[in-house]
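A.B. asks: Build the 3D model from these lines:
(chains A and B)
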Amino acid sequence: AQTVTQSQPEMSVQEAETVTLSCTYDTSESDYYLFWYKQPPSRQMILVIRQEAYKQQNATENRFSVNFQKAAKSFSLKISDSQLGDAAMYFCAYKWSGGGADGLTFGKGTHLIIQP
Amino acid sequence: DAGVIQSPRHEVTEMGQEVTLRCKPISGHDYLFWYRQTMMRGLELLIYFNNNVPIDDSGMPEDRFSAKMPNASFSTLKIQPSEPRDSAVYFCASSPISSGYYGYTFGSGTRLTVV
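C.D. replies: Below you'll find the predicted structure:
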């Protein structure tokens, strides 16, 4: 079974600084997707960024980028120019790309605190 | 597009009572998922549907839990009888395809408290 591990229960960063959240995963599959979701206090799960395993290029969405290391099974999220609105729980998730939709597997999350 | 709609947003009930959570997926999304979120266990997949048919319910914790999808625009998750350990946030999510290419779109969740 696939597992996703987020080793940082909590991270703190000064506003406007850069922070990196770590995620590792375990799978025997070669084709899959990885995601970072943001969960603010409103509870809504918001998709931040997506990476396809067969693409070597790291995904980028504005201030959010990932460092995808397939061989190391590592998928970290970098947030540049941190803003107060970035404060939230961040979840890393894995999904095998094969048919049969067995659901996203989530890590336990990292609580990100933004210091003004 | 109104997104995935869940109701109620909050539910407080007494132990032993029946609880029904509701979900309306995004139109055209063929896959619907029910997740449970707790501090101890994180986000767990309970059950998912494809074209209204339950495909995998191996995550349903016990027989007290049941889920239905009578049509493409509505699903329910029922707990009968409810217990305090069922207290959690329950999310519904939908996706247009099985591969996960688009990720899943989540509703705002229902916070269930069983006293």
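A.B. asks: Please list the residues of chain A that sit near chain B.
C.D. replies: A:32-33, A:35, A:37, A:42-45, A:47, A:50, A:52, A:91, A:93, A:95-109 (C-beta under 8 Å from any C-beta of the partner chain). Using the backbone N, CA and C atoms, a C-beta is placed for each residue, glycine as well.
A.B. asks: let's see it at 6 Å
C.D. replies: For chain A, the residues in contact with chain B (C-beta under 6 Å from any C-beta of the partner chain) are A:33, A:35, A:43-45, A:47, A:50, A:95, A:97, A:99, A:101, A:103-104, A:106, A:108.
A.B. asks: What number of residues are in the vicinity of residue 22?
C.D. replies: You didn't say which chain, so I picked chain A. Around residue A:22 there are 17 other residues, counting by other C-beta atoms under 10 Å in any protein chain shown.
A.B. asks: not quite, I wanted chain B
C.D. replies: Neighbours around residue B:22, by other C-beta under 10 Å: 16.
A.B. asks: repeat for the one 4 residues further on
C.D. replies: Residue B:26 sits with 18 neighbouring residues when counted by other C-beta under 10 Å.
A.B. asks: just checking, it touches residue B:94?
C.D. replies: Yes. Under the criterion of C-beta atoms under 6 Å, residue B:26 makes contact with residue B:94 at 5.1 Å.
A.B. asks: tell me, what's touching the two both at once?
C.D. replies: Common contact partners of residue B:26 and residue B:94 (C-beta atoms under 6 Å, 6 or more residues apart in numbering or on different chains): B:4, B:105.
A.B. asks: Among the residues of chain A next to chain B, name the ones in strands.
C.D. replies: A:33, A:35, A:47, A:50, A:95, A:106 (DSSP state E).
A.B. asks: So for the one residue sitting closest to the centre of chain B, what's the nearest residue that isn't a sequence neighbour?
C.D. replies: Per C-alpha atoms, centre = their mean, the C-alpha nearest to the average position across chain B is that of residue B:34, at 3.1 Å. Excluding the flanking residues, the one nearest residue B:34 by C-beta to C-beta, 6 or more residues apart in numbering or on different chains is residue B:46, at 4.4 Å.
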